[in-house]
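Chemist: A predicted structure for the sequence below; I have some questions about it.
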Amino acid sequence: MINIPKGTKDVLPSNSYKWQYIEDCARQVARAFNIREVRTPVFEHTELFARGVGDTTDIVNKEMYTFLDKGNRSITLKPEGTAGVARMFIENGLASSPLPMKSFYITPCYRYERPQAGRLREFHQFGVEVYGSPSPAADAEVIFAASSFLKKLGIKDTRLEINSIGCKTCRADYNAALREYFRPHLSEMCSTCCERFDKNPLRMLDCKEEGCKKIAAGAPKILDYLCPDCSAHFESVKKLLAAQGIEYVVNPGIVRGLDYYTRSVFEFVSTSIGAQGTVCAGGRYDGLIAELGGPSTPAVGFAAGLERLILLMENTGVPFPQAPVPDIYIAGMDEVSRAKAFALAGELRASGIAAECDLMERSVKAQLKYADKLGAVYVAVIGESELSEGAANIKKMSDGSATRVPFGDICNYIKQGGNLNG
Ligand code: ATP
Ligand code: MG
């Protein structure tokens, strides 16, 4: 017996409708915002993530699925969606297409993490990327899209936390202040924090070790170091959110797990799914495109973890739609009727009706039992008399009522919800 790799999950036939529902909601929200889908490869050159995500991040340091391909190239399975879209943008010269470019993706991501509830090695993200606008309106629109997505799913139990982590200018002063604060504590901090102290002290605020977290809690706050431009930008984002009626709290502790962020960062956090409470996270990354060798292009986006959303919905009783069922099951008494059932099912399917018939050579009784298990809305049994009459009793399973319907009218009958003359 070969088992599924650790940290991965199968989507079973009985459960896939939940995934389809969430993905449909994502697509509908994207459509309403005129955000178009993009698809990039599941694997990229490792260098893209090392540079794009940043080599002081947990992702690049510890979590990447990296291997040499048969041509001896270092390849990495995408740990997140943004770097690939940024590469696509640069490689296809999309900076000279009409801007902003508003795109979304639904993609699997791969991170070598310790699996827990809501933390997997293969997981899925719905992400939005808006390239080309430095305006706070773009930040607000991206946050609004994320919020609309959660709302469409019926998720109420999340808190929007926002922060600004400034630009290169304000970050220089802030990094100096952080180093001054952390220097006397270094001996009590983890080795990763000590490394980050030199390379990128901002990242020390994102450490998950309890001891480090306690020390980080007393660190100077970035909001006190924002330059006038970044400060004005943040104020505008907040005003625009308020104008859209979006509630938020400012959390100066959010720095995000990726190195490319500038200015706005935000997270939608739930308290109902434990430690893995961040269901959606994003921010502005004005430096990313240039960092990857493209023309300097401001950018803002978010990514939502679909497994965490499903977990949250299940844990808090947010309803999913009904699992899909066949509209009709057509049973056959004997070989000839079975053939007719098959032909009828074929006609109905061509008209968009979900029709089922027997593939197991079961008795009529066993076919009806199976139809019941499937939850078929209507059931018909074809036998000699039905064949000679060219009509069948269509039984409505919800109330047991039956109507004699000519074969040629079954399609309309079902489409009209069990009504011959409707
Ligand atoms: P965390 O702090 O929980 O590790 P992160 O900062 O690494 O999250 P991002 O890189 O911002 O997460 O990814 C965006 C979203 O993707 C997260 O908010 C979360 O919903 C989801 N996500 C991230 N890593 C995983 C994972 N290993 N398994 C499932 N979902 C994940
Ligand atoms: Mg992480």
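Modeler: Done, it's in. Residues are numbered from 1 along each chain as shown. Ligands and ions are numbered 1, 2, ... in the order given.
Chemist: excluding its backbone neighbours, what's nearest Gly294?
Modeler: Nearest residue to Gly294 in three dimensions, chain neighbours excluded: Ile90, at 3.5 Å (CB to CB, 6 or more residues apart in numbering). Bear in mind the C-beta positions are built from the backbone N, C-alpha and C, glycine included.
Chemist: any idea which helix or strand in this protein has the lowest mean pLDDT?
Modeler: Within the chain, no helix or strand scores below helix 58, which has a mean of 85 by mean pLDDT, DSSP states H and E.
Chemist: ok, back up a step: wait, the residue nearest to Gly294 sits on Ile289?
Modeler: Yes: counting by CB atoms under 8 Å, Ile289 is a contact partner of Ile90 at 6.3 Å.
Chemist: of those two, who's got more company?
Modeler: Per other CB atoms under 10 Å, whichever of Ile90 and Ile289 has more neighbours is Ile289, with 24 against 18.
Chemist: just to revisit the earlier point, on the three-state scheme, the residue nearest to Gly294 is what?
Modeler: helix (DSSP: H, G, I helix; E, B strand; the rest coil).
Chemist: what about Lys340, how many residues nearby?
Modeler: 20.
Chemist: helix or strand: which one has it?
Modeler: helix 335-350 (DSSP states H and E).
Chemist: what residues does that helix touch?
Modeler: 327-328, 330-332, 355-358, 380, 382-384, 386-387, 407, 410-411, 414 (CB atoms under 8 Å, 6 or more residues apart in numbering).
Chemist: just to revisit the earlier point, and the least confident helix or strand of the chain, what does it pack against?
Modeler: Where contact means 3 or more CB pairs under 8 Å, 6 or more residues apart in numbering; DSSP states H and E, helix 58 is not packed against any helix or strand.
Chemist: wait, does it contact ligand 1?
Modeler: No: using CB under 6 Å from any ligand atom, helix 58 never reaches ligand 1; the gap is at least 6.8 Å.
Chemist: then stretch 208-225?
Modeler: No: using CB under 6 Å from any ligand atom, stretch 208-225 never reaches ligand 1; the gap is at least 7.6 Å.
Chemist: export stretch 259-273 to PDB, keeping only CA atoms.
Modeler: Only the C-alpha atoms of stretch 259-273 are listed here, as PDB (Å, rounded to 0.1, in the frame of the first residue of the first chain):
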ATOM      1  CA  ASP A 259      10.400  40.400   1.900                       C
ATOM      2  CA  TYR A 260       8.900  42.200  -1.000                       C
ATOM      3  CA  TYR A 261       6.300  44.200   0.900                       C
ATOM      4  CA  THR A 262       6.300  48.000   1.200                       C
ATOM      5  CA  ARG A 263       3.700  50.400   2.700                       C
ATOM      6  CA  SER A 264       0.300  48.600   3.200                       C
ATOM      7  CA  VAL A 265       0.200  45.200   4.600                       C
ATOM      8  CA  PHE A 266      -3.000  43.500   5.800                       C
ATOM      9  CA  GLU A 267      -4.400  40.200   7.100                       C
ATOM     10  CA  PHE A 268      -7.900  38.800   7.500                       C
ATOM     11  CA  VAL A 269      -7.700  36.800  10.800                       C
ATOM     12  CA  SER A 270     -10.200  34.400  12.300                       C
ATOM     13  CA  THR A 271     -10.200  33.400  15.900                       C
ATOM     14  CA  SER A 272     -12.100  30.200  15.200                       C
ATOM     15  CA  ILE A 273      -9.400  28.000  13.700                       C
END
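Chemist: so for it, what gets flagged as buried?
Modeler: 259-270, 272-273 (16 or more other CB atoms under 10 Å).
Chemist: stretch 245-252 too?
Modeler: Ile246, Tyr248, Pro252.
Chemist: who touches that stretch?
Modeler: 143-144, 147, 159-163, 221-223, 238, 241, 266-267.
Chemist: who wins on neighbours among these?
Modeler: Phe266 (28 neighbours).
Chemist: which pLDDT value belongs to that residue?
Modeler: As predicted, Phe266 sits at a pLDDT of 97.
Chemist: now Phe302
Modeler: At Phe302, pLDDT is 98.
Chemist: ok so it is a helix residue?
Modeler: No: Phe302 is assigned strand when assessed by three-state DSSP, not a helix.
Chemist: got any ranges where the stretch 101-250 of the chain has weak pLDDT?
Modeler: Filtered on pLDDT under 70, the stretch 101-250 of the chain yields no residues whatsoever.
Chemist: can you give me the strands for it?
Modeler: For the stretch 101-250 of the chain, the strands defined by DSSP state E, counting those that start in this stretch occupy 101-110, 122-131, 159-164, 249-250.
Chemist: of all the ones you listed, which lies closest to Ala392?
Modeler: strand 101-110 (41.8 Å; CB to CB).
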